[in-house]
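Asks: test case, fold it:
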Amino acid sequence: MIKGVLKTWKEDRGFGFISPEDGGKDIFIHISALKGASRRPVTGDVIYYQSVKDNRGKYKAVNAYIEGVEILEDKSANFFSTKKGTVVLIILALVAIAAAVVALNLAP
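Replies: Predicted structure coming up:
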């Protein structure tokens, strides 16, 4: 992870720029890079992030978090990627198999 300071933030537009701790060009960050943050970013926040090149060849921050800010559970996470979801999938598969076996045994 790269460390930097949020240099500017446009709350109304949901983006800003990070000044990397080690120098270099400022990095674009969109609010979507801060999934699960318990609050919106403010200028001066210390941000940890990964840097990737976008489709226009410019670098942007992804997988970012704000130092000292709690990360909330991602409500949009896929239920079936959780342990409970896996158990439900297994049960559904077993029910489907049992139904198929019963149907085959009842067939003339």
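Asks: got the end-to-end distance for stretch 55-62?
Replies: For stretch 55-62, the first-to-last residue distance is 14 Å (CA to CA, to the nearest Å).
Asks: ok, and for that stretch, which residues are buried?
Replies: Within stretch 55-62, the residues scored as buried using 16 or more other CB atoms under 10 Å are 60, 61, 62. Every residue, glycine included, has its C-beta placed from N, CA and C.
Asks: how about the residue positioned nearest the centre of the chain, phi and psi?
Replies: In the chain, the centroid-proximal residue (CA atoms, centre = their mean) is residue 35; its distance is 4.8 Å. The phi/psi pair for residue 35 (degrees, to the nearest 10) reads phi -60, psi 130.
Asks: same check, this time on residue 26
Replies: The phi/psi pair for residue 26 (degrees, to the nearest 10) is phi -60, psi 150.
Asks: wait, it touches residue 15, no?
Replies: No: under the criterion of CB atoms under 8 Å, residue 26 is not in contact with residue 15, lying 11.8 Å apart.
Asks: show me which of these two is the more surrounded one.
Replies: Neighbour totals were compared for residue 26 and residue 15, and residue 15 leads with 18 against 14 (other CB atoms under 10 Å).
Asks: where along the chain do the strands fall?
Replies: Secondary structure of the chain (DSSP state E): strands located at 2-10, 15-20, 27-30, 46-53, 59-66.
Asks: to residue 96, which of those strands lies closest?
Replies: Comparing the strands of the chain against residue 96 with CB to CB, the closest turns out to be strand 59-66 (36.9 Å).
Asks: of the strands of the chain, which is nearest residue 87?
Replies: Among these, if distance is taken as CB to CB, the winner is strand 59-66, at 28.4 Å.
Asks: neighbouring contacts of stretch 61-69?
Replies: 18, 27-30, 33-34, 37-39, 41, 45-52, 71 (CB atoms under 8 Å, 6 or more residues apart in numbering).
Asks: domains of the chain?
Replies: Using automatic domain parsing, the domain ranges for the chain come out as 2-66, 78-108.
Asks: most tightly packed of those domains?
Replies: For those, the largest average neighbour count (mean count of other CB atoms under 10 Å) is found in domain 2-66, namely a mean of 15.
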